[in-house]
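1. Let's see this in three dimensions:
(chains A, B, C and D)
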2 protein chains.
Amino acid sequence: MAASDRRRTNRRVVYETLRRRVLTLELPPGSALSENELAASLGVSRTPVRESLILLAEEGLVQVFPQVGSFVSRVAPDRVADAQFLREAVELAALDDLPAKLDPALVAELRDNLAQQQRHGSDVEEFFALDEEFHRGLLRLSGHGRSWSTVVSAKGHLDRARRLGLYEASSPAVFAGQHEEILRAVLDSDVDRARATMRRHLRAVFEDIEQIRTRSPELFASDSDTVPVRRNVVVWE
Amino acid sequence: MAASDRRRTNRRVVYETLRRRVLTLELPPGSALSENELAASLGVSRTPVRESLILLAEEGLVQVFPQVGSFVSRVAPDRVADAQFLREAVELAALDDLPAKLDPALVAELRDNLAQQQRHGSDVEEFFALDEEFHRGLLRLSGHGRSWSTVVSAKGHLDRARRLGLYEASSPAVFAGQHEEILRAVLDSDVDRARATMRRHLRAVFEDIEQIRTRSPELFASDSDTVPVRRNVVVWE
DNA sequence: ATAGCAGTACTGGTATACAAGCATCGGTCG
DNA sequence: CGACCGATGCTTGTATACCAGTACTGCTAT
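-> All right, here's what the predicted structure looks like:
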(Lines give C-alpha, C1' and ligand atoms only; values in the text may rest on other atoms or scores of the structure.)
Protein backbone atom coordinates (compact mmCIF):
# COMPACT_ATOMS: atom_id res chain seq x y z
CA MET A 1 0.00 0.00 0.00
CA ALA A 2 1.04 3.59 -0.26
CA ALA A 3 3.92 4.42 2.00
CA SER A 4 2.04 7.46 3.17
CA ASP A 5 -1.48 7.58 4.63
CA ARG A 6 -1.17 5.41 7.67
CA ARG A 7 -4.66 6.64 8.40
CA ARG A 8 -7.28 3.95 8.64
CA THR A 9 -8.93 4.73 5.34
CA ASN A 10 -11.60 2.65 3.65
CA ARG A 11 -9.31 1.92 0.75
CA ARG A 12 -6.69 0.51 3.07
CA VAL A 13 -9.19 -1.75 4.79
CA VAL A 14 -10.65 -2.98 1.51
CA TYR A 15 -7.22 -3.53 -0.01
CA GLU A 16 -5.99 -5.56 2.92
CA THR A 17 -9.21 -7.54 3.06
CA LEU A 18 -9.17 -8.42 -0.62
CA ARG A 19 -5.47 -9.21 -0.63
CA ARG A 20 -5.86 -11.56 2.30
CA ARG A 21 -8.80 -13.29 0.66
CA VAL A 22 -6.86 -13.75 -2.55
CA LEU A 23 -3.75 -15.08 -0.83
CA THR A 24 -5.69 -17.44 1.40
CA LEU A 25 -7.54 -18.76 -1.66
CA GLU A 26 -10.81 -17.70 -0.07
CA LEU A 27 -11.08 -16.00 -3.44
CA PRO A 28 -9.75 -18.75 -5.70
CA PRO A 29 -7.82 -18.05 -8.90
CA GLY A 30 -10.26 -17.30 -11.71
CA SER A 31 -12.98 -15.82 -9.51
CA ALA A 32 -14.93 -12.92 -10.93
CA LEU A 33 -14.66 -9.75 -8.88
CA SER A 34 -17.40 -7.26 -9.60
CA GLU A 35 -16.67 -3.80 -8.28
CA ASN A 36 -20.35 -3.29 -7.57
CA GLU A 37 -20.83 -6.55 -5.74
CA LEU A 38 -17.68 -6.10 -3.68
CA ALA A 39 -18.68 -2.56 -2.78
CA ALA A 40 -22.12 -3.73 -1.69
CA SER A 41 -20.86 -6.67 0.33
CA LEU A 42 -18.14 -4.63 2.01
CA GLY A 43 -20.49 -1.77 2.74
CA VAL A 44 -18.53 0.90 0.89
CA SER A 45 -18.81 2.62 -2.45
CA ARG A 46 -17.13 1.56 -5.66
CA THR A 47 -14.31 4.06 -5.25
CA PRO A 48 -12.20 2.38 -2.55
CA VAL A 49 -12.96 -1.03 -4.05
CA ARG A 50 -11.89 0.08 -7.48
CA GLU A 51 -8.70 1.67 -6.18
CA SER A 52 -7.86 -1.50 -4.30
CA LEU A 53 -8.37 -3.59 -7.41
CA ILE A 54 -6.02 -1.31 -9.31
CA LEU A 55 -3.34 -1.87 -6.70
CA LEU A 56 -3.93 -5.62 -6.69
CA ALA A 57 -3.73 -5.60 -10.49
CA GLU A 58 -0.42 -3.79 -10.25
CA GLU A 59 0.74 -6.55 -7.94
CA GLY A 60 -0.41 -9.14 -10.44
CA LEU A 61 -2.93 -10.77 -8.14
CA VAL A 62 -5.90 -9.49 -10.10
CA GLN A 63 -6.53 -8.92 -13.77
CA VAL A 64 -8.78 -6.10 -14.93
CA PHE A 65 -10.35 -6.27 -18.37
CA PRO A 66 -12.10 -3.00 -19.19
CA GLN A 67 -15.77 -3.39 -20.00
CA VAL A 68 -15.48 -7.11 -19.30
CA GLY A 69 -14.68 -7.72 -15.67
CA SER A 70 -12.04 -8.20 -13.02
CA PHE A 71 -10.77 -11.62 -12.04
CA VAL A 72 -8.42 -13.15 -9.53
CA SER A 73 -5.35 -14.10 -11.56
CA ARG A 74 -4.73 -17.70 -12.21
CA VAL A 75 -1.35 -18.84 -10.92
CA ALA A 76 0.82 -18.24 -13.97
CA PRO A 77 3.92 -20.47 -13.93
CA ASP A 78 5.90 -17.65 -15.51
CA ARG A 79 5.03 -15.24 -12.76
CA VAL A 80 5.69 -17.83 -10.10
CA ALA A 81 9.12 -18.41 -11.55
CA ASP A 82 9.76 -14.68 -11.71
CA ALA A 83 8.78 -14.27 -8.09
CA GLN A 84 11.01 -17.17 -7.15
CA PHE A 85 13.95 -15.62 -8.99
CA LEU A 86 13.41 -12.23 -7.40
CA ARG A 87 12.98 -13.56 -3.94
CA GLU A 88 16.04 -15.75 -4.17
CA ALA A 89 18.11 -12.87 -5.54
CA VAL A 90 17.12 -10.52 -2.74
CA GLU A 91 17.31 -12.92 0.17
CA LEU A 92 20.67 -14.34 -0.91
CA ALA A 93 22.11 -10.88 -1.53
CA ALA A 94 21.01 -9.89 1.96
CA LEU A 95 22.99 -12.77 3.44
CA ASP A 96 26.08 -11.37 1.69
CA ASP A 97 25.59 -8.12 3.58
CA LEU A 98 25.31 -9.55 7.09
CA PRO A 99 27.26 -7.35 9.50
CA ALA A 100 30.06 -8.77 11.61
CA LYS A 101 28.16 -7.98 14.82
CA LEU A 102 24.58 -9.18 14.62
CA ASP A 103 21.89 -7.24 16.46
CA PRO A 104 21.25 -9.35 19.60
CA ALA A 105 17.62 -8.25 19.85
CA LEU A 106 16.92 -9.40 16.30
CA VAL A 107 18.72 -12.68 16.89
CA ALA A 108 16.58 -13.25 19.97
CA GLU A 109 13.46 -12.58 17.90
CA LEU A 110 14.56 -15.11 15.33
CA ARG A 111 15.28 -17.76 17.96
CA ASP A 112 11.91 -17.17 19.52
CA ASN A 113 10.28 -17.36 16.14
CA LEU A 114 11.87 -20.75 15.45
CA ALA A 115 10.72 -22.03 18.81
CA GLN A 116 7.18 -21.02 17.94
CA GLN A 117 7.47 -22.72 14.58
CA GLN A 118 8.19 -25.94 16.42
CA ARG A 119 5.18 -25.46 18.62
CA HIS A 120 2.66 -24.35 16.02
CA GLY A 121 3.90 -26.78 13.40
CA SER A 122 0.44 -28.09 12.75
CA ASP A 123 -1.43 -24.82 12.29
CA VAL A 124 -0.84 -23.85 8.67
CA GLU A 125 -2.02 -20.25 9.00
CA GLU A 126 0.13 -19.67 12.04
CA PHE A 127 3.10 -21.24 10.31
CA PHE A 128 2.69 -18.92 7.34
CA ALA A 129 2.80 -15.87 9.57
CA LEU A 130 5.87 -17.15 11.39
CA ASP A 131 7.57 -18.00 8.11
CA GLU A 132 6.99 -14.47 6.87
CA GLU A 133 8.38 -13.01 10.05
CA PHE A 134 11.44 -15.26 9.94
CA HIS A 135 12.44 -14.31 6.43
CA ARG A 136 11.74 -10.67 7.14
CA GLY A 137 13.90 -10.93 10.24
CA LEU A 138 16.84 -12.20 8.24
CA LEU A 139 16.52 -9.22 5.92
CA ARG A 140 16.42 -6.84 8.86
CA LEU A 141 19.48 -8.55 10.30
CA SER A 142 21.42 -7.57 7.21
CA GLY A 143 20.10 -4.01 7.32
CA HIS A 144 17.80 -4.43 4.34
CA GLY A 145 14.53 -4.67 6.17
CA ARG A 146 12.93 -2.01 4.02
CA SER A 147 13.35 -4.20 0.95
CA TRP A 148 11.00 -6.70 2.48
CA SER A 149 8.00 -4.96 0.97
CA THR A 150 9.34 -5.67 -2.49
CA VAL A 151 9.74 -9.31 -1.67
CA VAL A 152 6.24 -9.36 -0.25
CA SER A 153 4.62 -8.17 -3.42
CA ALA A 154 6.58 -10.67 -5.48
CA LYS A 155 5.74 -13.38 -2.99
CA GLY A 156 2.04 -13.06 -3.74
CA HIS A 157 1.95 -15.62 -6.46
CA LEU A 158 4.35 -17.90 -4.60
CA ASP A 159 2.24 -17.77 -1.48
CA ARG A 160 -0.97 -18.76 -3.17
CA ALA A 161 0.69 -21.76 -4.73
CA ARG A 162 2.58 -22.58 -1.55
CA ARG A 163 -0.62 -22.60 0.36
CA LEU A 164 -1.86 -25.37 -1.86
CA GLY A 165 1.45 -27.13 -1.43
CA LEU A 166 1.40 -26.93 2.32
CA TYR A 167 -2.08 -28.29 2.51
CA GLU A 168 -1.55 -31.12 0.12
CA ALA A 169 2.14 -31.87 -0.22
CA SER A 170 4.90 -31.10 2.25
CA SER A 171 4.67 -30.52 5.94
CA PRO A 172 5.59 -27.25 7.64
CA ALA A 173 8.00 -29.19 9.84
CA VAL A 174 10.34 -29.74 6.91
CA PHE A 175 10.56 -26.04 6.23
CA ALA A 176 10.92 -25.22 9.91
CA GLY A 177 13.96 -27.47 10.03
CA GLN A 178 15.50 -25.68 7.09
CA HIS A 179 14.89 -22.37 8.85
CA GLU A 180 16.88 -23.61 11.80
CA GLU A 181 19.75 -24.69 9.56
CA ILE A 182 19.86 -21.25 7.99
CA LEU A 183 19.92 -19.39 11.28
CA ARG A 184 22.65 -21.68 12.60
CA ALA A 185 24.82 -20.90 9.58
CA VAL A 186 24.16 -17.19 10.00
CA LEU A 187 25.13 -17.30 13.66
CA ASP A 188 28.28 -19.18 12.70
CA SER A 189 29.06 -16.30 10.33
CA ASP A 190 29.30 -18.91 7.59
CA VAL A 191 27.86 -16.90 4.70
CA ASP A 192 28.49 -19.58 2.11
CA ARG A 193 26.65 -22.21 4.09
CA ALA A 194 23.85 -19.78 4.87
CA ARG A 195 23.47 -18.95 1.20
CA ALA A 196 23.54 -22.56 0.11
CA THR A 197 21.00 -23.58 2.72
CA MET A 198 18.75 -20.66 1.95
CA ARG A 199 18.88 -21.43 -1.75
CA ARG A 200 18.04 -25.06 -1.09
CA HIS A 201 15.19 -23.98 1.16
CA LEU A 202 13.67 -21.57 -1.33
CA ARG A 203 14.01 -24.06 -4.17
CA ALA A 204 12.32 -26.73 -2.09
CA VAL A 205 9.37 -24.39 -1.75
CA PHE A 206 9.42 -23.86 -5.48
CA GLU A 207 9.52 -27.56 -6.28
CA ASP A 208 6.64 -28.01 -3.94
CA ILE A 209 4.70 -25.66 -6.15
CA GLU A 210 5.65 -27.52 -9.29
CA GLN A 211 4.41 -30.68 -7.67
CA ILE A 212 1.03 -29.20 -6.89
CA ARG A 213 0.80 -27.84 -10.39
CA THR A 214 0.53 -31.32 -11.83
CA ARG A 215 -2.31 -32.05 -9.43
CA SER A 216 -4.45 -28.93 -9.80
CA PRO A 217 -3.79 -27.59 -13.27
CA GLU A 218 -7.08 -25.69 -13.31
CA LEU A 219 -5.67 -23.14 -10.88
CA PHE A 220 -2.80 -22.41 -13.22
CA ALA A 221 -2.89 -20.49 -16.47
CA SER A 222 -0.95 -21.34 -19.58
CA ASP A 223 -1.48 -17.89 -21.04
CA SER A 224 -1.64 -15.19 -18.40
CA ASP A 225 -3.78 -12.92 -20.56
CA THR A 226 -6.57 -15.37 -21.21
CA VAL A 227 -9.96 -13.85 -20.53
CA PRO A 228 -12.01 -16.06 -18.22
CA VAL A 229 -15.62 -16.65 -19.11
CA ARG A 230 -18.08 -14.51 -17.24
CA ARG A 231 -21.16 -16.45 -16.35
CA ASN A 232 -20.14 -20.04 -16.78
CA VAL A 233 -17.15 -21.38 -14.89
CA VAL A 234 -17.44 -18.65 -12.25
CA VAL A 235 -16.00 -20.51 -9.34
CA TRP A 236 -17.18 -18.70 -6.28
CA GLU A 237 -20.86 -18.20 -6.55
CA MET B 1 1.04 -0.09 -14.75
CA ALA B 2 -1.48 -2.81 -14.46
CA ALA B 3 -0.51 -5.91 -16.35
CA SER B 4 -3.93 -5.93 -17.92
CA ASP B 5 -5.67 -3.12 -19.80
CA ARG B 6 -3.31 -2.44 -22.63
CA ARG B 7 -6.09 -0.19 -23.85
CA ARG B 8 -5.19 3.45 -24.17
CA THR B 9 -7.10 4.62 -21.17
CA ASN B 10 -6.92 8.08 -19.63
CA ARG B 11 -5.43 6.71 -16.48
CA ARG B 12 -2.62 5.10 -18.41
CA VAL B 13 -1.83 8.33 -20.24
CA VAL B 14 -1.91 10.40 -17.07
CA TYR B 15 0.18 7.87 -15.15
CA GLU B 16 2.87 7.74 -17.81
CA THR B 17 2.88 11.50 -18.18
CA LEU B 18 3.25 12.15 -14.48
CA ARG B 19 5.83 9.44 -14.00
CA ARG B 20 7.94 10.84 -16.82
CA ARG B 21 7.70 14.34 -15.42
CA VAL B 22 8.75 13.16 -11.99
CA LEU B 23 11.68 11.11 -13.26
CA THR B 24 12.93 13.86 -15.53
CA LEU B 25 12.75 16.32 -12.64
CA GLU B 26 10.32 18.42 -14.66
CA LEU B 27 8.35 17.98 -11.45
CA PRO B 28 11.14 18.44 -8.90
CA PRO B 29 11.18 16.65 -5.53
CA GLY B 30 8.99 18.50 -3.09
CA SER B 31 6.55 19.89 -5.67
CA ALA B 32 2.94 20.09 -4.64
CA LEU B 33 0.61 18.01 -6.81
CA SER B 34 -2.99 19.08 -6.52
CA GLU B 35 -5.41 16.54 -7.93
CA ASN B 36 -7.69 19.34 -9.06
CA GLU B 37 -4.98 21.36 -10.75
CA LEU B 38 -3.50 18.33 -12.47
CA ALA B 39 -6.92 17.27 -13.68
CA ALA B 40 -7.60 20.73 -15.05
CA SER B 41 -4.24 21.10 -16.75
CA LEU B 42 -4.38 17.61 -18.24
CA GLY B 43 -7.94 18.04 -19.40
CA VAL B 44 -9.39 15.07 -17.53
CA SER B 45 -11.33 14.58 -14.32
CA ARG B 46 -9.88 13.92 -10.91
CA THR B 47 -10.51 10.18 -11.18
CA PRO B 48 -7.70 9.13 -13.53
CA VAL B 49 -5.37 11.66 -11.92
CA ARG B 50 -6.12 10.35 -8.47
CA GLU B 51 -5.66 6.73 -9.51
CA SER B 52 -2.32 7.60 -11.09
CA LEU B 53 -1.17 9.35 -7.93
CA ILE B 54 -2.08 6.26 -5.93
CA LEU B 55 0.11 4.14 -8.19
CA LEU B 56 2.96 6.63 -8.03
CA ALA B 57 2.62 6.69 -4.25
CA GLU B 58 2.85 2.92 -4.23
CA GLU B 59 6.05 3.25 -6.21
CA GLY B 60 7.34 5.77 -3.70
CA LEU B 61 7.66 8.61 -6.18
CA VAL B 62 4.82 10.57 -4.64
CA GLN B 63 3.62 11.04 -1.09
CA VAL B 64 -0.05 11.53 -0.33
CA PHE B 65 -1.11 13.18 2.89
CA PRO B 66 -4.87 13.01 3.33
CA GLN B 67 -6.50 16.40 3.75
CA VAL B 68 -3.13 18.05 3.31
CA GLY B 69 -1.82 17.44 -0.17
CA SER B 70 0.23 15.25 -2.50
CA PHE B 71 3.88 15.94 -3.15
CA VAL B 72 6.67 14.60 -5.29
CA SER B 73 8.83 12.66 -2.86
CA ARG B 74 12.17 14.09 -1.94
CA VAL B 75 15.00 11.72 -2.75
CA ALA B 76 15.28 9.79 0.48
CA PRO B 77 18.80 8.36 0.93
CA ASP B 78 17.28 5.29 2.57
CA ARG B 79 15.09 4.56 -0.42
CA VAL B 80 17.93 5.20 -2.83
CA ALA B 81 20.05 2.70 -0.94
CA ASP B 82 17.19 0.19 -0.95
CA ALA B 83 16.76 0.56 -4.68
CA GLN B 84 20.48 0.15 -5.17
CA PHE B 85 20.49 -3.03 -3.12
CA LEU B 86 17.53 -4.48 -4.96
CA ARG B 87 18.82 -3.65 -8.38
CA GLU B 88 22.23 -5.06 -7.64
CA ALA B 89 20.74 -8.23 -6.23
CA VAL B 90 18.56 -8.83 -9.28
CA GLU B 91 21.03 -7.93 -11.98
CA LEU B 92 23.85 -9.94 -10.41
CA ALA B 93 21.61 -12.93 -9.87
CA ALA B 94 20.61 -12.76 -13.51
CA LEU B 95 24.25 -13.01 -14.57
CA ASP B 96 24.47 -16.23 -12.57
CA ASP B 97 21.69 -17.65 -14.70
CA LEU B 98 23.15 -16.91 -18.11
CA PRO B 99 22.58 -19.88 -20.42
CA ALA B 100 25.48 -21.65 -22.10
CA LYS B 101 24.21 -20.67 -25.54
CA LEU B 102 23.34 -16.99 -25.68
CA ASP B 103 20.51 -15.86 -27.95
CA PRO B 104 22.30 -14.43 -31.02
CA ALA B 105 19.52 -11.94 -31.74
CA LEU B 106 19.71 -10.50 -28.25
CA VAL B 107 23.50 -10.33 -28.41
CA ALA B 108 23.21 -8.42 -31.67
CA GLU B 109 20.79 -6.01 -30.04
CA LEU B 110 23.19 -5.43 -27.19
CA ARG B 111 26.11 -4.81 -29.53
CA ASP B 112 24.04 -2.38 -31.52
CA ASN B 113 22.97 -0.66 -28.34
CA LEU B 114 26.57 -0.17 -27.26
CA ALA B 115 27.46 1.28 -30.65
CA GLN B 116 24.65 3.79 -30.25
CA GLN B 117 25.86 4.65 -26.77
CA GLN B 118 29.18 5.64 -28.31
CA ARG B 119 27.45 7.78 -30.89
CA HIS B 120 24.90 9.48 -28.67
CA GLY B 121 27.29 9.88 -25.78
CA SER B 122 26.56 13.56 -25.44
CA ASP B 123 22.75 13.45 -25.40
CA VAL B 124 21.82 12.68 -21.82
CA GLU B 125 18.18 11.75 -22.51
CA GLU B 126 19.17 9.40 -25.30
CA PHE B 127 21.85 7.85 -23.14
CA PHE B 128 19.32 7.17 -20.41
CA ALA B 129 17.07 5.31 -22.82
CA LEU B 130 19.96 3.25 -24.16
CA ASP B 131 21.18 2.50 -20.65
CA GLU B 132 17.74 1.20 -19.71
CA GLU B 133 17.60 -0.95 -22.80
CA PHE B 134 21.07 -2.35 -22.20
CA HIS B 135 20.40 -3.45 -18.65
CA ARG B 136 17.04 -4.83 -19.65
CA GLY B 137 18.73 -6.75 -22.48
CA LEU B 138 21.12 -8.41 -20.07
CA LEU B 139 18.16 -9.56 -17.99
CA ARG B 140 16.45 -10.95 -21.06
CA LEU B 141 19.64 -12.72 -22.04
CA SER B 142 19.44 -14.68 -18.81
CA GLY B 143 15.77 -15.44 -19.31
CA HIS B 144 14.57 -13.09 -16.60
CA GLY B 145 13.27 -10.30 -18.78
CA ARG B 146 9.96 -10.24 -17.00
CA SER B 147 11.66 -9.23 -13.76
CA TRP B 148 12.74 -6.01 -15.40
CA SER B 149 9.52 -4.31 -14.36
CA THR B 150 10.41 -4.85 -10.72
CA VAL B 151 13.80 -3.29 -11.25
CA VAL B 152 12.18 -0.39 -13.06
CA SER B 153 9.93 0.53 -10.19
CA ALA B 154 12.80 0.33 -7.75
CA LYS B 155 14.97 2.34 -10.09
CA GLY B 156 12.68 5.35 -9.78
CA HIS B 157 14.52 6.98 -6.95
CA LEU B 158 17.88 6.01 -8.40
CA ASP B 159 17.02 7.50 -11.75
CA ARG B 160 16.01 10.86 -10.39
CA ALA B 161 19.25 11.14 -8.46
CA ARG B 162 21.29 9.76 -11.33
CA ARG B 163 19.87 12.36 -13.62
CA LEU B 164 21.30 15.02 -11.39
CA GLY B 165 24.54 13.11 -11.29
CA LEU B 166 24.79 12.76 -15.02
CA TYR B 167 24.12 16.39 -15.60
CA GLU B 168 26.52 17.65 -13.01
CA ALA B 169 29.04 14.97 -12.14
CA SER B 170 30.17 12.08 -14.32
CA SER B 171 30.00 11.71 -18.04
CA PRO B 172 27.92 9.10 -19.83
CA ALA B 173 31.07 7.97 -21.61
CA VAL B 174 32.42 6.47 -18.40
CA PHE B 175 29.31 4.37 -17.95
CA ALA B 176 29.24 3.38 -21.61
CA GLY B 177 32.75 2.00 -21.23
CA GLN B 178 31.67 -0.06 -18.23
CA HIS B 179 28.77 -1.41 -20.26
CA GLU B 180 31.21 -2.65 -22.89
CA GLU B 181 33.33 -4.34 -20.26
CA ILE B 182 30.31 -6.15 -18.90
CA LEU B 183 29.14 -7.41 -22.27
CA ARG B 184 32.67 -8.58 -23.11
CA ALA B 185 32.79 -10.64 -19.93
CA VAL B 186 29.35 -12.06 -20.66
CA LEU B 187 30.37 -13.08 -24.17
CA ASP B 188 33.49 -14.66 -22.72
CA SER B 189 31.20 -16.67 -20.45
CA ASP B 190 33.19 -15.33 -17.55
CA VAL B 191 30.43 -15.00 -14.99
CA ASP B 192 32.70 -13.93 -12.16
CA ARG B 193 34.20 -11.11 -14.18
CA ALA B 194 30.77 -10.09 -15.44
CA ARG B 195 29.44 -9.97 -11.88
CA ALA B 196 32.43 -8.03 -10.58
CA THR B 197 32.25 -5.52 -13.39
CA MET B 198 28.52 -5.13 -13.07
CA ARG B 199 28.82 -4.57 -9.34
CA ARG B 200 31.53 -1.99 -9.87
CA HIS B 201 29.38 -0.31 -12.50
CA LEU B 202 26.26 -0.13 -10.36
CA ARG B 203 28.21 1.08 -7.35
CA ALA B 204 29.83 3.79 -9.44
CA VAL B 205 26.35 5.01 -10.26
CA PHE B 206 25.51 4.94 -6.59
CA GLU B 207 28.60 6.88 -5.57
CA ASP B 208 27.74 9.41 -8.21
CA ILE B 209 24.47 9.92 -6.38
CA GLU B 210 26.20 10.34 -3.05
CA GLN B 211 28.40 12.96 -4.61
CA ILE B 212 25.46 14.96 -5.89
CA ARG B 213 23.80 14.70 -2.52
CA THR B 214 26.43 16.87 -0.93
CA ARG B 215 25.84 19.49 -3.61
CA SER B 216 22.04 19.65 -3.66
CA PRO B 217 20.87 18.60 -0.21
CA GLU B 218 17.53 20.38 -0.66
CA LEU B 219 16.40 17.68 -3.06
CA PHE B 220 17.00 15.01 -0.46
CA ALA B 221 14.98 14.29 2.64
CA SER B 222 16.38 13.32 5.99
CA ASP B 223 13.03 12.10 7.20
CA SER B 224 10.93 10.60 4.44
CA ASP B 225 7.65 11.36 6.20
CA THR B 226 8.15 15.06 6.66
CA VAL B 227 5.17 17.05 5.49
CA PRO B 228 6.23 19.77 3.09
CA VAL B 229 4.74 23.23 3.44
CA ARG B 230 1.83 23.96 1.15
CA ARG B 231 1.91 27.52 -0.10
CA ASN B 232 5.46 28.64 0.53
CA VAL B 233 8.32 26.69 -0.98
CA VAL B 234 6.12 25.37 -3.80
CA VAL B 235 8.80 24.87 -6.38
CA TRP B 236 7.02 24.55 -9.66
CA GLU B 237 4.60 27.39 -10.00
C1' DA C 1 2.64 44.54 19.39
C1' DT C 2 1.27 40.06 20.08
C1' DA C 3 -1.19 35.91 21.28
C1' DG C 4 -5.22 33.56 20.32
C1' DC C 5 -9.04 32.32 17.77
C1' DA C 6 -12.40 31.96 14.19
C1' DG C 7 -13.25 32.17 9.26
C1' DT C 8 -12.16 30.47 4.85
C1' DA C 9 -10.27 28.22 1.10
C1' DC C 10 -8.10 24.41 0.02
C1' DT C 11 -6.90 19.33 0.51
C1' DG C 12 -7.78 14.29 -0.45
C1' DG C 13 -11.52 10.43 0.67
C1' DT C 14 -15.85 8.87 -0.62
C1' DA C 15 -20.28 8.36 -2.87
C1' DT C 16 -22.85 8.52 -6.92
C1' DA C 17 -24.38 9.38 -11.76
C1' DC C 18 -23.45 8.76 -16.39
C1' DA C 19 -20.97 6.97 -20.59
C1' DA C 20 -18.77 3.49 -23.54
C1' DG C 21 -18.31 -1.15 -24.61
C1' DC C 22 -18.53 -6.29 -24.33
C1' DA C 23 -21.22 -10.72 -23.87
C1' DT C 24 -25.09 -13.07 -23.68
C1' DC C 25 -29.67 -14.48 -25.03
C1' DG C 26 -33.67 -14.79 -27.91
C1' DG C 27 -35.80 -14.08 -32.03
C1' DT C 28 -35.61 -14.12 -36.99
C1' DC C 29 -34.25 -15.19 -41.41
C1' DG C 30 -32.11 -18.24 -44.76
C1' DC D 1 -32.05 -26.82 -38.26
C1' DG D 2 -28.37 -23.44 -38.17
C1' DA D 3 -26.38 -18.91 -38.65
C1' DC D 4 -26.90 -14.25 -37.99
C1' DC D 5 -28.19 -10.11 -35.49
C1' DG D 6 -30.06 -6.87 -32.41
C1' DA D 7 -31.92 -5.96 -27.67
C1' DT D 8 -30.51 -6.13 -23.00
C1' DG D 9 -27.97 -6.20 -18.88
C1' DC D 10 -23.84 -6.43 -17.21
C1' DT D 11 -18.93 -4.65 -16.97
C1' DT D 12 -15.26 -1.01 -16.07
C1' DG D 13 -13.93 4.04 -17.20
C1' DT D 14 -14.89 8.72 -16.24
C1' DA D 15 -17.02 12.84 -14.39
C1' DT D 16 -18.96 15.19 -10.62
C1' DA D 17 -20.87 16.36 -5.96
C1' DC D 18 -20.26 16.21 -1.24
C1' DC D 19 -17.76 15.47 3.13
C1' DA D 20 -14.32 15.61 6.81
C1' DG D 21 -10.36 17.64 7.94
C1' DT D 22 -6.12 20.74 7.55
C1' DA D 23 -3.63 25.10 7.38
C1' DC D 24 -3.31 29.59 6.39
C1' DT D 25 -5.16 34.47 7.09
C1' DG D 26 -6.60 38.18 9.35
C1' DC D 27 -9.39 40.01 12.93
C1' DT D 28 -9.84 40.67 17.81
C1' DA D 29 -8.86 41.05 22.48
C1' DT D 30 -5.36 41.67 25.64
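2. quick one: the helix or strand of chain A with the lowest mean pLDDT near chain B?
-> One helix or strand of chain A scores below all others by mean pLDDT, DSSP states H and E: helix A:148-168, with a mean of 81. Yes - counting by Cβ under 8 Å from any Cβ of the partner chain, chain B has neighbours in helix A:148-168: A:150, A:154. The way it works is simple: take the backbone N, C-alpha and C, and place the C-beta from them, glycine included.
3. Please compute how far that helix lies from its chain's middle.
-> Distance of helix A:148-168 from the chain centroid (Cα atoms, centre = their mean, to the nearest Å) equals 3 Å.
4. Let me know the average pLDDT across the helix or strand just after it.
-> Scanning forward in sequence from helix A:148-168 by DSSP states H and E, the next helix or strand is helix A:172-187. The pLDDT scores in helix A:172-187 average 92.
5. From the contact counts, what lies against helix A:172-187?
-> On a contact count with 3 or more Cβ pairs under 8 Å, 6 or more residues apart in numbering or on different chains; DSSP states H and E, helix A:172-187 meets helix A:104-119, helix A:124-141, helix A:191-215.
6. Now do the domain split for chain A, please.
-> A:3-73, A:77-214 (automatic domain parsing).
7. Okay, now the unreliable bits of chain A?
-> Scanning chain A for pLDDT under 70 picks out A:1-6, A:121-122, A:165-170, A:218-219, A:221-237.
8. quick revisit: out of the domains of chain A, flag the one nearest DNA strand D.
-> Of all the domains of chain A, domain A:3-73 sits nearest to DNA strand D, with 3.3 Å by Cβ to the nearest atom of the strand.
9. Same question for A:R8, what's its three-state structure.
-> Under DSSP: H, G, I helix; E, B strand; the rest coil, the three-state class of A:R8 is coil.
10. Around it, how many other residues sit close by?
-> A:R8 has 7 neighbours, counted by other Cβ atoms under 10 Å in any protein chain shown.
11. about what we covered before: in CSV: the helices and strands packed on helix A:172-187, plus mean neighbour count and distance to A:L86.
-> Compiled in CSV, the helices and strands packed on helix A:172-187 are given as follows (neighbours: other Cβ atoms under 10 Å in any protein chain shown; distance: least, Cβ to Cβ, whole Å):
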stretch, mean neighbour count, distance to A:L86
helix A:104-119, 15, 23
helix A:124-141, 18, 13
helix A:191-215, 17, 11
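12. Tell me which of the ones you listed sits nearest to B:H120.
-> Nearest of the helices and strands packed on helix A:172-187 to B:H120, taken as Cβ to Cβ: helix A:124-141 at 38.9 Å.
13. residues in contact with that closest one?
-> A:24, A:90-91, A:94-95, A:98, A:102-103, A:106-107, A:109-110, A:113-114, A:116-117, A:120-121, A:145, A:147-148, A:151, A:159, A:163, A:166-167, A:172, A:175-176, A:179, A:182-183, A:186 (Cβ atoms under 8 Å, 6 or more residues apart in numbering or on different chains).
14. before we move on, the earlier item: distance to B:R195 added to the domains of chain A, as TSV?
-> Output for the domains of chain A, formatted as TSV (distance: least, Cβ to Cβ, whole Å):
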stretch	distance to B:R195
domain A:3-73	28
domain A:77-214	11
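15. any chance of the ones you listed in TSV, plus distance to DNA strand D?
-> Converted to TSV, the domains of chain A look like this (distance: least, Cβ to the nearest atom of the strand, whole Å):
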stretch	distance to DNA strand D
domain A:3-73	3
domain A:77-214	19
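16. Tell me which of those domains sits nearest to B:S34.
-> If you check each of these against B:S34 by Cβ to Cβ, domain A:3-73 wins as the nearest, at 15.7 Å.
17. ok, and does the closest one reach over to DNA strand C?
-> Yes - for domain A:3-73, a contact with DNA strand C is found by Cβ under 7 Å from any atom of the strand, at A:5, A:9-11, A:44-48, A:51, A:67-68.
18. Buried residues, stretch A:22-42. List them.
-> For stretch A:22-42, a neighbour-count test (16 or more other Cβ atoms under 10 Å in any protein chain shown) marks A:22-23, A:25, A:27-33, A:35, A:38-39, A:42 as buried.
19. Sort out for me which of the residues of domain A:3-73 next to DNA strand C are in helices.
-> A:10-11, A:46-48, A:51 (DSSP state H).
20. Need the buried ones from the residues of domain A:3-73 next to DNA strand C selected in ChimeraX.
-> Typed into ChimeraX, the next command selects the buried ones out of the residues of domain A:3-73 next to DNA strand C (criterion: 16+ other Cβ under 10 Å):
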select /A:5,10,11,44,47,48,51
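21. just the residues of domain A:3-73 next to DNA strand C now: which is nearest B:I212?
-> Nearest to B:I212, judged by Cβ to Cβ, of those is A:D5 at 29.8 Å.
22. ok so, going back, name the helices or strands packed onto the least confident helix or strand of chain A?
-> helix A:10-23, helix A:77-96, helix A:124-141, helix A:191-215, helix B:148-168.
23. can you do 10 Å?
-> Packed against helix A:148-168, as judged by 3 or more Cβ pairs under 10 Å, 6 or more residues apart in numbering or on different chains; DSSP states H and E, are the following elements: helix A:10-23, helix A:46-59, helix A:77-96, helix A:124-141, helix A:172-187, helix A:191-215, helix B:77-96, helix B:148-168.
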